[in-house]
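Participant: take this sequence and fold it.
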Amino acid sequence: MNRNKYIIIGFIVMSFNSLYQYSWNALEPLLRSGFDVSLVQIALGFTLFSIFSSAFQPIGGHFADKYGPKMIGILSGVLSAIGFLGTYLSPNIYVFYAVWSIGSIGEGILYGIAANLAMKWFRDRMGFATGIVSIGFGLGSAIANPFIAMAADYKLVTLIIGLAEVILLPILLWLSDYPPKLAGQAPKQVILTAKFWLIYVSFVGAVVPLTTMSSELPILGKNLPQQELIALISILPLLSGGLRPFFGYIADRLGIVRTTLLLNVLITIGAAFLLVDLVPVSTVLIGFAGGSMITLYFNVAGEIFGTRFSTVNSGILYTGKALGGALGSVVFAILYTISLQLSEIYTVICGIIGVIGILSVIIMSPKQTRKVQ
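Facilitator: From the prediction side, this is the model:
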């Protein structure tokens, strides 16, 4: 069987998935003016995405691991399209909240399926294969964002994206499948281990700087020239997605958990540059490490707990992205209204938590985190 086709399917699915997260910076000003709402009100839309995307990923992962990814994937593709088509039709912010949440459910399940097509079929090169699939999670937005930024309003772009998704995603998911005879720990065993919760807390902390940069870059960079800000909005997803195979390749050799630690350190340094008002440097460093970090946390779960139930196990871990999403969007926005410096210090502290958590996992399991032979 030619397993390479699953890399292609996962890559295209990820490209559409990225529009929910990494196109938010481009969409947010259009949505804010179109619905005539405040920064905190529109930031709630990103928080809802983080919550629903993450909360339903383990539920979808359960069905994907038990019955295969095909049918749950097709349903999720339709839900993802509803998020954009529903936004096009939304008469007010409250309807937008509802349809964006529905679309986020589909996006979350599809993210887990796409990543696990690589993890399950390429257990021998898990970091690199997952990295290839995850390029799409930055590249899709890097292509779309300049066009979104030039749009007069959100209507046309959400209509085009929604129509493309409702046509293409069900076809791609119909062609997907998982390999048989995989080994690994069941979720009920995994969630009882201290190691899992250290990974979880670390993931939440590391996600905050990336979420802040993904959702609040127009605010952090408000004093930058407009063209520079637009360039950064496009560079962020390009760096986030484009470097995932590189860091996956490194992880297959250095070790997945150790490479994740390295990325968390880079993210924390990037967050610290906000304290000295170097937003472009911060954007580049967080983009450089952030997307690869999220991908590798999936691999951390697969490496330590096995791949038989990896869609649901990584889905449970991914609920940390909901918490990190809320901490990095709404909580950051609230702190920002109090003090810019306070919000920046808060972002750095969250990055440090990410470093400490994954370092603890390395100390607890030195054999499991050694260099891959």
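
Participant: elements contacting the lowest-mean-pLDDT helix or strand in the chain?
Facilitator: Lowest on mean pLDDT, DSSP states H and E among the helices and strands of the chain sits helix 226-242, with a mean of 80. Using 3 or more CB pairs under 8 Å, 6 or more residues apart in numbering; DSSP states H and E, the elements in contact with helix 226-242 are helix 4-21, helix 24-35, helix 136-150, helix 194-220, helix 279-305. The way it works is simple: take the backbone N, C-alpha and C, and place the C-beta from them, glycine included.

Participant: and residue 318, what is it in contact with?
Facilitator: By CB atoms under 8 Å, 6 or more residues apart in numbering, the residues touching residue 318 are 54, 57, 58, 108, 111, 112, 298.

Participant: return the subset of the residues you listed lying in helices.
Facilitator: 54, 57, 58, 108, 111, 112, 298 (DSSP state H).

Participant: going by distance to residue 139, which of the residues you listed wins?
Facilitator: Relative to residue 139, the closest of those is residue 111; by CB to CB it sits at 14.8 Å.

Participant: got JSON lines for the ones in helices among the contacts of residue 318, with distance to residue 165 too?
Facilitator: Shown next, in JSON lines, are those (distance: CB to CB, whole Å):
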{"residue": "54", "distance to residue 165": "20"}
{"residue": "57", "distance to residue 165": "18"}
{"residue": "58", "distance to residue 165": "23"}
{"residue": "108", "distance to residue 165": "14"}
{"residue": "111", "distance to residue 165": "14"}
{"residue": "112", "distance to residue 165": "17"}
{"residue": "298", "distance to residue 165": "23"}
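
Participant: nearest to residue 323 among those?
Facilitator: Closest to residue 323, out of all of the ones in helices among the contacts of residue 318 and judged by CB to CB, is residue 54, at 7.9 Å.

Participant: excluding its backbone neighbours, what's nearest the closest one?
Facilitator: Closest residue to residue 54 apart from its sequence neighbours, by CB to CB, 6 or more residues apart in numbering: residue 322 at 3.5 Å.

Participant: count the neighbours of the one you found for me.
Facilitator: 24 (other CB atoms under 10 Å).

Participant: and the contacts of whichever helix or strand comes after the least confident helix or strand of the chain?
Facilitator: Next in sequence after helix 226-242, counting helices and strands by DSSP states H and E, comes helix 244-254. Contact with helix 244-254 is made by 125-132, 134-135, 137-138, 259-260, 262-263, 289, 291-292, 295-296, 299, 371-372, as judged by CB under 8 Å, 6+ apart.

Participant: now the buried members of the residues you listed.
Facilitator: 125-132, 134-135, 137-138, 259-260, 262-263, 289, 291-292, 295-296, 299 (16 or more other CB atoms under 10 Å).

Participant: centroid residue for the protein?
Facilitator: residue 294 (6.2 Å; CA atoms, centre = their mean).

Participant: so who does the residue nearest to residue 54 touch?
Facilitator: 50, 51, 52, 53, 54, 55.

Participant: quick check: the second one vs residue 326, distance?
Facilitator: Same thing as residue 51. 7 Å (CB to CB, to the nearest Å).

Participant: just to revisit the earlier point, got the helices and strands packed on helix 226-242 as JSON lines, with mean pLDDT and distance to residue 178 columns?
Facilitator: Shown next, in JSON lines, are these (pLDDT from 0 to 100; distance: least, CB to CB, whole Å):
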{"stretch": "helix 4-21", "mean pLDDT": "93", "distance to residue 178": "9"}
{"stretch": "helix 24-35", "mean pLDDT": "88", "distance to residue 178": "30"}
{"stretch": "helix 136-150", "mean pLDDT": "84", "distance to residue 178": "19"}
{"stretch": "helix 194-220", "mean pLDDT": "90", "distance to residue 178": "22"}
{"stretch": "helix 279-305", "mean pLDDT": "88", "distance to residue 178": "13"}
